[in-house]
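*Asks:* sequence unavailable; structure follows:
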């Protein structure tokens, strides 16, 4: 019956899409390895518990332009005292 479509009883994998699943499998393996390497070797430099320190939040806000240089310096001084 499948010969009408040229598949010859699943000869080419799942209706010819076997290569696609093999490709997706290897893409997921590579992405998993990348994720593990980034996690194990410093992908995120945060405090234990996954929370940013007050200094990191201040630096991020300054870099994003949310606060001015004066505000940044003032807040940094208050954090150190």
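*Replies:* Thanks, I have the structure now. Nothing here was measured: the structure is a model prediction, and the numbers come from that model.

*Asks:* relative to residue 17, how far out is residue 31?
*Replies:* According to C-beta to C-beta, to the nearest Å, residue 31 and residue 17 sit 21 Å apart. (Glycine included, C-beta is placed from N, CA and C.)

*Asks:* how is this structure partitioned into domains?
*Replies:* Domain assignment of the chain by automatic domain parsing yields the ranges 1-37, 50-81.

*Asks:* could the ones you listed go into TSV alongside mean pLDDT and mean neighbour count?
*Replies:* Below are those laid out as TSV (pLDDT from 0 to 100; neighbours: other C-beta atoms under 10 Å):
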stretch	mean pLDDT	mean neighbour count
domain 1-37	74	10
domain 50-81	90	12
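
*Asks:* residues in contact with residue 60?
*Replies:* For residue 60, the contacting residues are residue 52, by C-beta atoms under 8 Å, 6 or more residues apart in numbering.

*Asks:* can you tell me the element it falls in?
*Replies:* In this structure, residue 60 sits in helix 54-63 according to DSSP states H and E.
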